[in-house]
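>>> need a structure here:
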Amino acid sequence: MPVISTNTAANSALRYLNINSENQANSVSKIASGSRITKASDDAAGLAVGTSLISDVTVLKQAATNASHGSSILQTADGGMSRISDIVQRMRSLATQAMSGAVTDTERGYLNAEFQQLIEEISGIASGTRFNDDPLLDGTGNWATGIDFRVGTEATDVITVSIADVSATGLAINALDVTTAATAGAALTALDTAVETLSNSRAQVGALISRFEFRGAMLATTIENTEAAQSAIMDVDVAAEQAKLASTKVLTQAAIAVLSQANEMPQNLLSLLR
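Numbering: from 1, shown residues only. Sure, this is the predicted structure:
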């Protein structure tokens with residue numbers, strides 16, 4: 001029924017115009033931000049899950065960095081142990097030479113001079129091999145008791161790193177000498193034990209390096225999968241949203257045109273009174 005006091009058609013057109021305008025604005029916001037969820041009302045559950053996944057990715061990336069740091073620290077320690085092992089081998093050679101009956105005590109004195117310098121160098125390498133100014137190999141830093149590396153999202157995702165004391169004192173070779181054939185023989189026995197200790201220590205370090213490398217690879221895969229899941233929930237499908245935007249533009253324009261026509265209806269009705 002045509003009336004002039006209440007423009008029902010205009011009110012209806014205005015309502016749809018508001019709806020279409022809001023939908024158009026939402027599509028523009030999503031495309032501009034790249035996010036499917038620009039406000040909680042878009043998808044409250046998806047927002048909660050997506051936010052949790054984003055938090056997990058942040059922690060996982062730091063965990064991957066921690067694993068990389070752990071591997072680097074252990075490689076530094078292994079480098080120091082390798083040099084100490086080379087020195088111990090040289091000391092074994094000197095002790096063996098000093099045990100020879102063809103060597104006089106005077107010559108053993110010369111051999112012992114190098115032997116003692118090598119003992120000091122072992123301790124120098126052990127104390128000088130450091131991370132963040134904390135010695136790795138001389139048993140005086142925190143590494144001797146064990147340091148935890150967080151390598152996951154849970155409190156239990158921890159790798160504990162402890163590094164043996166491979167200083168001259170730790171290897172029990174700090175008081176050796178090769179001034180006589182007898183002391184050279186005792187030194188050789190102690191050095192054989194030191195070689196075994198070093199080998200075991202390097203094996204432990206190598207095993208930890210391998211563990212960190214595998215954990216780092218696992219974390220990289222987990223980060224990739226978690227980011228993919230987060231993207232599926234949070235990221236906008238640009239093609240689909242663009243199609244929706246085109247549709248809402250047409251509807252908005254149609255609502256504007258219809259509202260304009262509806263506003264003219266009372267004027268057209270008044271013409272009947274003339």
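>>> going forward, measure contacts and count neighbours with C-alpha atoms only.
Noted.
>>> got the end-to-end distance for stretch 132-144?
One end of stretch 132-144 to the other measures 15 Å (Cα to Cα, to the nearest Å).
>>> Distance from the chain centre to it, please.
Offset of stretch 132-144 from its chain centre (Cα atoms, centre = their mean, to the nearest Å): 23 Å.
>>> for the strand or helix carrying Ala113, packing partners?
Take DSSP states H and E as the rule and Ala113 turns out to sit in helix 105-128. Helix 105-128 sits against helix 44-98, strand 134-135, with contacts defined as 3 or more Cα pairs under 8 Å, 6 or more residues apart in numbering; DSSP states H and E.
>>> Let me know the pLDDT of the residue nearest to the spatial centre of the chain.
Centroid-nearest residue in the chain, with Cα atoms, centre = their mean: Ala64, separated by 2.3 Å. Reported pLDDT at Ala64 in the predicted model: 95.
>>> thinking again about what came up before, right, and the helix or strand after the helix holding Ala113?
Counting by DSSP H and E, what follows helix 105-128 is strand 130-131.
>>> who's in contact with that following strand?
73, 136-137 (Cα atoms under 8 Å, 6 or more residues apart in numbering).
>>> Switch these over to JSON lines; also include neighbour count, distance to Thr58 and pLDDT.
Conversion of the contacts of strand 130-131 to JSON lines gives the following (neighbours: other Cα atoms under 10 Å; distance: Cα to Cα, whole Å; pLDDT from 0 to 100):
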{"residue": "Ile73", "neighbour count": "20", "distance to Thr58": "23", "pLDDT": "94"}
{"residue": "Leu136", "neighbour count": "30", "distance to Thr58": "29", "pLDDT": "93"}
{"residue": "Leu137", "neighbour count": "27", "distance to Thr58": "33", "pLDDT": "94"}
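>>> Now flag whichever of those is closest to Ile84.
Leu137 (10.2 Å; Cα to Cα).
>>> Identify the residue nearest the closest one in space, chain neighbours excluded?
Ala126 (4.6 Å; Cα to Cα, 6 or more residues apart in numbering).
>>> right, and the one you found touches Ser82 too?
No: counting by Cα atoms under 8 Å, Ala126 does not reach Ser82; the two are 11.0 Å apart.
>>> Run through the residues that contact the residue nearest to Leu137.
80, 135-138, 165-167.
>>> Among the residues you listed, which one sits closest to Asn112?
Ser167 (18.8 Å).
>>> quick one: that closest one from Thr129, how far?
Taken as Cα to Cα, the span from Ser167 to Thr129 is 11 Å.
>>> For the residue nearest to the centre of the chain, list the residues it contacts.
151, 215-216, 219-220.
>>> mind redoing it with 6 Å?
Contact criterion Cα atoms under 6 Å, 6 or more residues apart in numbering gives 216, 219 as the residues in contact with Ala64.
>>> before we move on, back to that, so which of the contacts of Ala126 is surrounded by the most neighbours?
Leu136 (30 neighbours; other Cα atoms under 10 Å).
>>> Could I get the phi/psi values of that residue?
phi -100, psi -30 (degrees, to the nearest 10).
>>> now it, nearest residue through space, not along the chain?
Arg130 is the one closest to Leu136 (Cα to Cα, 6+ apart), at 5.3 Å.
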